[in-house]
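**Q** prediction below, plus the sequence it came from.
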Amino acid sequence: MIYLDNAATTFPKPQSVRRAASNAAMTAANPGRSGYDMALAASQQIYRCRVKAAEMFGADSPDNVIFTPGCTYSCNMVIKGILGSGGHAVVSDMEHNAVMRPLKALESRGVTFTAARVSENNDETLANFRDALKSGTKLVICTHASNVWGIRLPVERIAAMCREYGIPMMIDAAQSAGVLDINAKESGLDFVCMAGHKGLYGPMGTGILIAQKPELLSTIIEGGTGSSSMSLAMPELPPDRFESGTPNFTGIAALSAGLDFVKRIGTARIHEHEIKLLTALYDRLEKNSSVTLYTSRPDLRSSTGVLSFNVKNHDSEEVAAYLNRRAGIAVRAGLHCAPMAHAHFGTQSGGAVRAAPSYFTTSAEISALSRAIGDLTAGR
Ligand code: PMP
């Protein structure tokens, strides 16, 4: 199989991640609950991952690192925490349903939102965000990189604008964590939502929320934390306040190895590798008059490792099925849980075919994809 669906989840995972997952599954007791050696060792292992994540993403302290089951959960925590009692939000028009569905669900509580159009020109994008602000805007949300088009958004500049107005800013870093540098403190990003299982090379079921302003959030689930157990109320302080129930120890232990992997290779090298592969793919697809490309040629400054396209007279799902059948190539077609991002380029009815490499993808695999598309358009 040629796996090009890394925007959904990375595969394969590094050896070290697989090893950490299997060791953790064999050797752990419930962390944070008891004082015997095996439970303490598990707590310490989780704490070490918190410290690593705080360093990597510029959190004020390890306590600002909250482990979640994924980016969807991280987004829900921020959106429901800040907008639970109503208010207005500004989003980009590239957001995933992990952002849009919680917002929509809150409409019954008086939440409204405005989508700011993303432009290839960052000045224009910034102006569109500014124009969308209202007096009751309580939160600005922006994806760091589109999961459909690989477009990078100027989140640091949007965060600086939010600071001018005193509005909290959340970024959806599902597609950028592990590929682009993120420093919450330096960039003034109040909330950074991440998946652990994509560019951080951890297992599915892991996610991180960097909450620089945890005091603005309320809990969305409550339960045991192993701390302040006499009180029926949730602990006041993070991370316990936001981490009820037995943690996903196996996942966090493996995610920790994923963070080590990313640190060892370096985000710049990972990003360069993916963009190099995608520019090669872009150049070959561009020569095929039966292929429709929507975005500019990928480059480091404005893109991440995702390229979506269509083949004329073929439904995107049909193309994905052909690639799977003919060449064992795994890509994702359809709407990628981001209908607004598709509407941006007019692909909301049929979707598009998305190719997403990882650090482990080779040039030969990318060539196999462009060859298979050539076969399809030549009627073979
Ligand atoms: N946001 C974006 C931009 C994504 O690509 C995804 C994953 N498809 C998510 C949020 C949701 O992440 P998870 O599946 O980890 O909850």
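**A** Great, that's in hand.

**Q** please count neighbours and contacts with C-alpha atoms only from this point.
**A** Fine.

**Q** burial check on residue 15, number of neighbours?
**A** Applying other Cα atoms under 10 Å, we find 12 residues neighbouring residue 15.

**Q** meant to ask about residue 179
**A** Counted with other Cα under 10 Å, residues neighbouring residue 179 total 24.

**Q** any idea how far the residue lying closest to it once chain neighbours are set aside is from residue 134?
**A** Using Cα to Cα, 6 or more residues apart in numbering and skipping the chain neighbours, the partner closest in space to residue 179 is residue 267 (4.8 Å). To residue 134, residue 267 is 36 Å away according to Cα to Cα, to the nearest Å.

**Q** those two: who's more crowded?
**A** Set residue 267 next to residue 134 and count neighbours by other Cα under 10 Å: residue 267 wins out with 22 against 13.

**Q** ok, now which ones touch that one?
**A** By Cα atoms under 8 Å, 6 or more residues apart in numbering, the contact set of residue 267 is 178-181.

**Q** go with 10 Å
**A** Applying Cα atoms under 10 Å, 6 or more residues apart in numbering, we find residue 267 in contact with 176-182, 199-200, 261, 273, 359.

**Q** any stretches of the protein with poor pLDDT?
**A** Nowhere does the chain drop to pLDDT under 70.

**Q** near the ligand, which residues of it are found?
**A** For the chain, the residues in contact with the ligand (Cα under 6 Å from any ligand atom) are 8, 70-72, 96, 98, 146-147, 172, 174-175, 195.

**Q** the nearest residue to residue 288 once chain neighbours are set aside: which element?
**A** Closest residue in space to residue 288, ignoring its immediate chain neighbours: residue 374 at 7.4 Å, by Cα to Cα, 6+ apart. Using DSSP states H and E, residue 374 falls within helix 363-377.

**Q** again, but for residue 170
**A** Here residue 170 is assigned to strand 169-172, by DSSP H and E.

**Q** thinking again about what came up before, mind putting the contacts of residue 267 into a markdown table with secondary structure?
**A** Below are those laid out as a markdown table (DSSP: H, G, I helix; E, B strand; the rest coil):
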| residue | secondary structure |
| --- | --- |
| 176 | coil |
| 177 | strand |
| 178 | coil |
| 179 | coil |
| 180 | strand |
| 181 | coil |
| 182 | coil |
| 199 | coil |
| 200 | coil |
| 261 | helix |
| 273 | helix |
| 359 | coil |
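
**Q** just name the closest of those to residue 159, please.
**A** For the contacts of residue 267, the residue nearest residue 159 by Cα to Cα is residue 182; the value is 12.4 Å.

**Q** before we move on, the earlier item: show residues contacting the helix holding residue 374.
**A** Applying Cα under 10 Å, 6+ apart, the contact partners of helix 363-377 are 1-4, 273-274, 276-278, 280-285, 288-291, 311-314, 319, 322-324, 326-331, 355-357, 378-380.

**Q** now that helix: buried residues?
**A** Residues 363, 365-366, 368-370, 372-374, 376-377 are the ones in helix 363-377 that count as buried (16 or more other Cα atoms under 10 Å).

**Q** please apply the same query to stretch 20-30.
**A** For stretch 20-30, by 16+ other Cα under 10 Å, it's 20-21, 24, 28-30.
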